[in-house]
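Engineer: make a model of this:
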Amino acid sequence: ESINSLKSYSDEKSIQWEIMEIPDVNLFCDKLLLKKGFTIVIKNAIIYNQFSGIIKIESELNHENVIVHITDTGIGMDNQQLERIFEKFFRADS
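Structural biologist: Just a heads-up that it's a prediction; the model follows:
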């Protein structure tokens with residue numbers, strides 16, 4: 001749902017998607033909050049990606065957890081910026 005809602009943004013930048021098989025699991029969570037989180041991360045992957053860049057989405061099961069990896073070919077952030085990634089309203093200089 002998050003990817004579909006952002007399709008027009010990714011089409012403007014000719015983003016290519018690599019979506020690996022997602023395990024079939026039942027999640028006990030707030031669907032709206034989970035979708036909101038994915039949408040924010042994926043939108044940032046589109047905005048800060050290069051033209052014709054790639055966004056790769058992988059997931060894995062780890063005991064009772066599902067781990068989702070979202071990577072892109074964008075400009076990235078240095079380690080000092082990464083330490084502040086979850087601060088409210090933080091935005092990297094570049």
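Engineer: how close does residue 73 get to residue 26?
Structural biologist: 33 Å (C-beta to C-beta, to the nearest Å). The C-beta positions use only the backbone N, C-alpha and C, and glycine is treated the same way.
Engineer: no wait, residue 56
Structural biologist: Distance from residue 56 to residue 26, counting by C-beta to C-beta: 25 Å.
Engineer: for residue 83, same thing?
Structural biologist: With C-beta to C-beta as the criterion, residue 83 and residue 26 are 34 Å apart.
Engineer: when the two are compared, which one has more neighbours?
Structural biologist: Taking neighbours as other C-beta atoms under 10 Å, residue 83 and residue 26 compare with residue 83 leading, 11 against 5.
Engineer: for that one, phi and psi?
Structural biologist: When read as degrees, to the nearest 10, the backbone of residue 83 gives phi -60, psi -20.
Engineer: from residue 34, how far off is it?
Structural biologist: Where residue 34 is concerned, residue 83 sits at a distance of 25 Å (C-beta to C-beta).
Engineer: hey, which helix or strand in the protein has the poorest pLDDT?
Structural biologist: helix 79-82 (a mean of 84; mean pLDDT, DSSP states H and E).
Engineer: from the contact counts, what lies against it?
Structural biologist: If contacts are counted by 3 or more C-beta pairs under 8 Å, 6 or more residues apart in numbering; DSSP states H and E, helix 79-82 sits against no helix or strand.
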